[in-house]
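K.L.:
predicted model and sequence follow; I will ask about them next.
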Amino acid sequence: MKIIYFDCYAGISGDMTVGALLDLGVPLDHVRVELATLALPTGSYELSTGRTERRQMPALKFDVAVHDHHTHRHYAGIDALIAGSGLSDEVKKKSRLIFRRLAESEARVHGICIEEVHFHEVGAVDSIVDIVATAICLEYLQVEQVYASALPLGSGFVETAHGRLPVPAPATADLLQGVPVHGQCGPGERVTPTGAAILVALVSGFGQQPSMQLERVGSGAGGKDFPDCPNIVRAFLGHSTENPTQPDGVIVVEANIDDSTPEILGYVMERLFEEGALDVFFTPVQMKKNRPGVMLSFLCHPEQFDRLAQLALSETSAIGLRYYPADRVILRREIVEQQTEFGAVRFKQVFDGRSNFLRAAPEYEDCRRIARETGIPCREVMARLQPAGVTET
């Protein structure tokens with residue numbers, strides 16, 4: 001499994017994250033082309049990178065020069081901007097999830113509904129670019145899971161559109177609830193709201209670096225020089241070396257429902273997947289008073305349980321949930337791109353515990369795209385592509 005670990009000893013921000021990912025080998029031109037599918041005003045920003053140092057440590061600095069300054073942007077407008085773009089489904093999903101985390105945090109901090117949330121700093125073009133570019137880079141690098149170290153809180157004050165605020169800023173502090181933090185750093189804003197939202201939305205686990213076969217290390221520089229440490233976030237990219245047949249602990253959550261419409265249930269499934277559930281499914285059940293119903297079930301990691309349980313209770317008519325721990329066995333999977341009669345197609349390859357190739361299958365989204373473009377039935381596209389994915393790479 002391709003994984004990435006962010007070493008955030010100095011903190012993290014959106015531009016530092018993108019800088020570290022670009023330093024791992026993502027072409028800046030690829031990011032430019034993908035970002036161009038967003039309906040942002042033409043010429044509203046310009047991207048650039050440059051090699052620099054922070055306290056004698058080399059790193060890549062990523063900059064967004066904004067030529068179209070917006071003081072306010074609604075969350076709904078940003079979400080619609082991403083949803084209506086030409087980005088891939090996975091990039092859209094990650095980007096929208098990050099912004100939703102920000103919106104939920106702002107709503108809690110200000111005591112308002114999420115629909116009323118206006119973004120100031122994080123709604124500017126540079127932050128939209130930082131967040132979407134992060135998702136673009138992770139897809140390009142074929143990262144399947146993200147991990148991060150504990151985060152430094154920082155201290156002092158920061159100037160914002162809301163005035164002078166203590167560090168960490170209220171939205172950042174809200175986002176960091178449940179995340180390991182420490183005070184082993186000097187003053188200054190070490191974690192920005194954008195950086196916090198990226199990690200909270202995407203990270204599978206915080207703490208020690210997981211066991212991995214290291215391939216590359218990227219370093220992204222922040223805009224400031226701190227006296228206590230180099231202001232750099234490092235991204236370690238590699239393959240997990242955990243035993244693929246070792247049990248992976250998850251939580252199974254269930255609820256029997258007999259008074260929700262199919263539309264609501266479909267929406268709940270969509271939201272649970274958006275929020276990071278590992279799997280979501282419905283099972284027909286016969287309930288009290290001979291009522292036909294469904295059992296909603298979803299799987300999640302333990303650290304996701306509270307958030308996803310609250311989502312299920314708020315979005316359905318369920319008045320309670322059952323949950324219990326379970327172990328699952330996971331085989332190693334890799335996404336590889338291969339040339340076929342239909343052009344470049346992504347395949348999911350599966351390996352056993354000894355890294356022996358077992359099988360491969362073309363990605364459904366690519367098959368659907370090809371079927372729409374060519375008029376060939378999707379099932380035929382999948383059948384013709386199947387032999388192409390069996391070559392181990």
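P.N.:
Happy to help now that I have it.
K.L.:
same for the one helix or strand in the chain whose mean pLDDT sits lowest, what does it pack against?
P.N.:
Across the helices and strands of the chain, mean confidence by mean pLDDT, DSSP states H and E is lowest for strand 157-160: a mean of 72. Contact analysis of strand 157-160 by 3 or more CB pairs under 8 Å, 6 or more residues apart in numbering; DSSP states H and E lists strand 163-166 as its packing neighbours. No exception for glycine: its C-beta is placed from N, CA and C like everyone else's.
K.L.:
can you tell me what sits against the strand it packs on?
P.N.:
Contacting residues not belonging to strand 163-166 are listed as 156-159 [CB atoms under 8 Å, 6 or more residues apart in numbering].
K.L.:
what about the helix or strand following that strand, average pLDDT?
P.N.:
Note on strand 163-166: by DSSP states H and E, the next helix or strand toward the C-terminus is helix 170-175. Average pLDDT, helix 170-175: 90.
K.L.:
likewise for stretch 264-280?
P.N.:
On average, stretch 264-280 scores 93.
K.L.:
ok, and what's touching it?
P.N.:
93, 96-97, 100, 201, 250, 257, 260, 282, 294, 296-301, 304, 307-308, 311-312, 315-316.
K.L.:
that one: which residues count as buried?
P.N.:
265, 268-269, 271-272, 275-278, 280 (16 or more other CB atoms under 10 Å).
K.L.:
before we move on, what about stretch 26-34?
P.N.:
Judged by neighbour count using 16+ other CB under 10 Å, the buried positions of stretch 26-34 are 26, 31, 34.
K.L.:
what lines up beside the least confident helix or strand of the chain in the sheet?
P.N.:
strand 163-166 (antiparallel) (DSSP bridges).
K.L.:
give me the distance from the partner strand to the chain's centre.
P.N.:
28 Å (CA atoms, centre = their mean, to the nearest Å).
K.L.:
report the buried residues of that strand.
P.N.:
Within strand 163-166, judged by 16+ other CB under 10 Å, the buried ones are residue 165.
K.L.:
in the protein, which spans are helices?
P.N.:
Per DSSP state H, the chain carries helices over the ranges 14-23, 28-35, 75-83, 89-110, 125-140, 170-175, 193-202, 262-274, 305-315, 364-374, 378-385.
K.L.:
mean confidence score for the fifth one?
P.N.:
This means helix 125-140. On average, helix 125-140 scores 94.
K.L.:
likewise the fourth one?
P.N.:
Rounded to a whole number, the mean pLDDT of helix 89-110 is 91.
K.L.:
which strands and helices lie in contact with it?
P.N.:
Short answer (3+ CB pairs under 8 Å, 6+ apart): helix 89-110 packs on helix 75-83, strand 118-119, helix 125-140, helix 170-175, helix 193-202, helix 262-274.
K.L.:
quick check: which of these is nearest to residue 2?
P.N.:
helix 125-140 (9.8 Å; CB to CB).
K.L.:
can I get that closest one in CSV, CA atoms only?
P.N.:
The C-alpha trace of helix 125-140 is given here as CSV (Å, rounded to 0.1, in the frame of the first residue of the first chain):
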residue,chain,number,x,y,z
VAL,A,125,-8.0,32.0,-4.1
ASP,A,126,-4.6,30.9,-2.7
SER,A,127,-6.2,28.6,-0.1
ILE,A,128,-8.6,27.1,-2.7
VAL,A,129,-5.5,26.4,-4.8
ASP,A,130,-3.5,25.0,-1.8
ILE,A,131,-6.3,22.5,-0.9
VAL,A,132,-7.2,21.4,-4.4
ALA,A,133,-3.5,21.1,-5.3
THR,A,134,-2.9,18.9,-2.3
ALA,A,135,-5.6,16.5,-3.5
ILE,A,136,-4.2,16.6,-7.1
CYS,A,137,-0.7,15.8,-5.9
LEU,A,138,-1.9,12.9,-3.7
GLU,A,139,-3.7,11.4,-6.6
TYR,A,140,-0.7,11.8,-8.9
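K.L.:
any idea which residue sits dead centre in the chain?
P.N.:
Centroid-nearest residue in the chain, with CA atoms, centre = their mean: residue 202, separated by 3.5 Å.
K.L.:
now it: closest residue in space that isn't a chain neighbour?
P.N.:
residue 146 (4.7 Å; CB to CB, 6 or more residues apart in numbering).
K.L.:
before we move on, what about residue 158?
P.N.:
residue 189 (4.6 Å).
K.L.:
and which of the contacts of strand 163-166 is nearest to residue 195?
P.N.:
Nearest to residue 195 among the contacts of strand 163-166: residue 158, at 13.0 Å, using CB to CB.
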